[in-house]
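Engineer: Kindly generate the corresponding structure for this input.
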Amino acid sequence: MVYKFTLKRSAVKRRKDNELRNETSETDEKTLYLSMIRLKMIRKMKSAFRFTLLCISALTLWGCWGTDKPLESSGRNYELLVVCPELDWNSALGDTLREILLAPVPMLNQREPLFDLYQIAPTAYKKMFLRNRNILEVKISPNTESSMTAQYDVNAAPQLIVTLSGPSDSALTAYVSANREALVQIYEIAERDRFVAATSKYYVKQLTQTIEQHFGFEIRFPEGYRQRNLTENFMWVSLELPLGNMGFLIYKYPYEGKEALTLGELLKRRNEFAALVPGPSEGSYMTTSTAFTPEVSYQKINDQPWAVMRGFWDVEGDFMGGPFVSFTTINPHTNEVITLDGYVFNPKLDGRTGKRNYIRQLENIIHTVRFTETSDEETAPSK
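Structural biologist: Numbers count the residues shown, from 1 in each chain. Below is the predicted model of the structure:
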């Protein structure tokens with residue numbers, strides 16, 4: 001009995017083992033089948049992904065080629081790359097170029113050069129250097145006349161490439177020395193035009209509207225400037241810097257004769273309106289420094305005559321100061337004196353946070369001024 005019972009259990013066990021093997025075999029087949037399906041799906045997805053990337057790349061390339069959009073230029077404002085052989089750079093020609101391009105910016109209380117210079121040999125002038133925003137090439141070759149030529153947006157945009165050519169080191173040195181002002185101005189004008197073009201697109205519209213309504217002219221400030229104070233004939237606009245601020249005092253008063261544009265009258269009016277700008281301590285206010293006598297010159301900007309006064313400002317009752325540049329003209333539609341007095345306060349001086357670029361930005365903002373014709377009702381003082 002026990003023997004038979006053991007046989008029966010073994011038979012049952014064998015049947016169960018066979019059934020389990022059959023089930024396992026079926027499961028393995030199903031698993032294998034599903035794995036193959038998944039593999040095919042993954043391969044299809046990879047193919048579709050590659051095709052999508054290919055299409056995107058093709059469209060991107062086509063967009064660049066189709067629109068002929070140039071690469072963006074590299075380098076900071078007022079940076080200048082000089083491509084010149086070492087022999088010429090270390091000669092009288094190089095000395096003359098450095099004397100002209102590294103001359104100090106006038107009326108700054110810390111010495112800063114007109115441009116930041118970087119010199120490389122012609123053999124290194126390739127790849128990333130081709131995209132610099134300001135480039136000066138020096139080429140000396142016999143049987144060539146001394147000349148200066150300019151090209152714009154050659155390898156990138158915005159870009160200016162000036163080429164100085166001459167038959168010898170001495171001949172080109174004499175030519176550069178005689179045309180030093182033109183060499184400086186061509187780069188300064190290029191930087192100014194870039195600023196004006198950018199500011200024409202991106203500016204603080206509310207400030208433009210407020211100034212046009214109160215003073216009768218249009219001006220465009222880059223993003224970041226804000227209104228600090230506004231009265232009937234005075235407005236203070238400023239931009240906060242990491243360690244200081246910069247901005248404009250805008251004011252107007254009746255024109256009473258040619259004396260309005262003399263140095264004495266300009267100073268008198270400046271101190272009158274600058275006193276409306278409070279200093280950091282109680283009772284302190286902005287004024288004009290008496291340590292240096294301001295300088296005044298006269299020039300036309302966009303066909304409008306301006307008196308340009310440069311000097312230094314202080315704070316009465318505290319220790320603050322910096323450079324200022326003041327632009328004064330006569331509103332041709334209201335016969336009022338209009339002054340835009342730009343100032344900079346930035347006590348730190350290093351390669352990127354000096355005063356040069358800030359004071360130049362103020363000067364460039366003036367080139368966005370346009371006088372608009374307004375009715376008597378619009379220009380009448382508010383009551």
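Engineer: Start and end of stretch 196-212, how far apart?
Structural biologist: Terminal residues of stretch 196-212 are spaced 18 Å apart (Cα to Cα, to the nearest Å).
Engineer: Counting neighbours, which bits of stretch 82-95 end up buried?
Structural biologist: Within stretch 82-95, the residues scored as buried using 16 or more other Cβ atoms under 10 Å are 82-85, 88-89, 91, 93-94. Where C-beta positions appear, they are placed from N, C-alpha and C, glycine not excepted.
Engineer: Repeat that for stretch 168-182.
Structural biologist: 169, 172-176, 179.
Engineer: How far off centre is that stretch?
Structural biologist: Between the centre of stretch 168-182 and the centre of its chain there are 31 Å (Cα atoms, centre = their mean, to the nearest Å).
Engineer: Likewise for stretch 248-262?
Structural biologist: 32 Å.
Engineer: Could you do stretch 164-174 as well?
Structural biologist: So, by Cα atoms, centre = their mean, the centroid of stretch 164-174 is 34 Å from its chain's centroid.
Engineer: coming back round to it: now intersect the buried residues of stretch 82-95 with the helices, please.
Structural biologist: Counting by DSSP state H, the part of the buried residues of stretch 82-95 found in helices is 88-89, 93-94.
Engineer: what about the helices in the stretch 151-300 of the chain?
Structural biologist: Counting by DSSP state H, counting those that start in this stretch, the stretch 151-300 of the chain has these helices, from start to end: 169-178, 180-201, 205-215, 263-274.
Engineer: And the second one, what's buried?
Structural biologist: Using 16+ other Cβ under 10 Å as the burial criterion, the residues of helix 180-201 that qualify are 183, 186-188, 190-192, 194-195, 199.
Engineer: Also the third one?
Structural biologist: Applying a neighbour-count criterion of 16+ other Cβ under 10 Å, the buried positions in helix 205-215 are 207-208, 211-212, 214-215.
Engineer: Export these as a markdown table, with columns for pLDDT and distance to P142.
Structural biologist: Listed next are these as a markdown table, based on pLDDT from 0 to 100; distance: Cβ to Cβ, whole Å:
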| residue | pLDDT | distance to P142 |
| --- | --- | --- |
| L207 | 97 | 57 |
| T208 | 96 | 55 |
| I211 | 97 | 57 |
| E212 | 96 | 58 |
| H214 | 95 | 63 |
| F215 | 96 | 59 |
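Engineer: the domain parsing of the protein - what is it?
Structural biologist: Following automatic domain parsing, one gets these domains for the chain: 79-198, 203-379.
Engineer: Flag whichever of these has the least confidence on average.
Structural biologist: By mean pLDDT, the lowest-scoring of the domains of the chain turns out to be domain 203-379, with a mean of 93.
Engineer: Once you drop chain neighbours, what's closest to P104?
Structural biologist: Closest residue to P104 apart from its sequence neighbours, by Cβ to Cβ, 6 or more residues apart in numbering: R111 at 5.0 Å.
Engineer: Pull the number of nearby residues for the one you found.
Structural biologist: A count of nearby residues for R111, using other Cβ atoms under 10 Å, gives 10.
Engineer: Same question for L160.
Structural biologist: Residues within reach of L160, counting by other Cβ under 10 Å, total 23.
Engineer: could you redo the helices of the stretch 151-300 of the chain as TSV and give each row distance to P280?
Structural biologist: Below are these laid out as TSV (distance: least, Cβ to Cβ, whole Å):
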stretch	distance to P280
helix 169-178	47
helix 180-201	30
helix 205-215	24
helix 263-274	15
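Engineer: So which of those is nearest I161?
Structural biologist: helix 180-201 (10.3 Å; Cβ to Cβ).
Engineer: Give me the contacts around that closest one.
Structural biologist: When contacts are defined by Cβ atoms under 8 Å, 6 or more residues apart in numbering, helix 180-201 is touched by residues 77-78, 80, 100-101, 103, 114-115, 134, 148, 150, 152, 158, 160, 162, 176, 220-222, 360-361, 363-365, 367-368.
Engineer: roughly how far apart are G247 and A150?
Structural biologist: Distance of G247 to A150, computed by Cβ to Cβ, to the nearest Å: 34 Å.
Engineer: Next: I301.
Structural biologist: I301 is 22 Å from A150, by Cβ to Cβ.
Engineer: So which of the two has more stuff around it?
Structural biologist: Between I301 and A150, counting by other Cβ under 10 Å, I301 is the more crowded of the two (14 against 11).
Engineer: ok, and for stretch 326-345, which residues are buried?
Structural biologist: The neighbour-count check on stretch 326-345 (16+ other Cβ under 10 Å) flags 326-331, 334, 336-345 as buried.
Engineer: ditto for stretch 314-327
Structural biologist: Buried residues in stretch 314-327 (16+ other Cβ under 10 Å): 314-315, 318, 320-327.
Engineer: Okay, now the sheet partners of the longest strand along the chain, with direction.
Structural biologist: What stands out as the longest strand in the chain, according to DSSP state E, is strand 304-316. Paired neighbours of strand 304-316 in the sheet (DSSP bridges): strand 285-288 (antiparallel), strand 295-301 (antiparallel), strand 321-330 (antiparallel).
Engineer: how about it: buried residues?
Structural biologist: Across strand 304-316, burial judged by 16+ other Cβ under 10 Å covers 304, 306-315.
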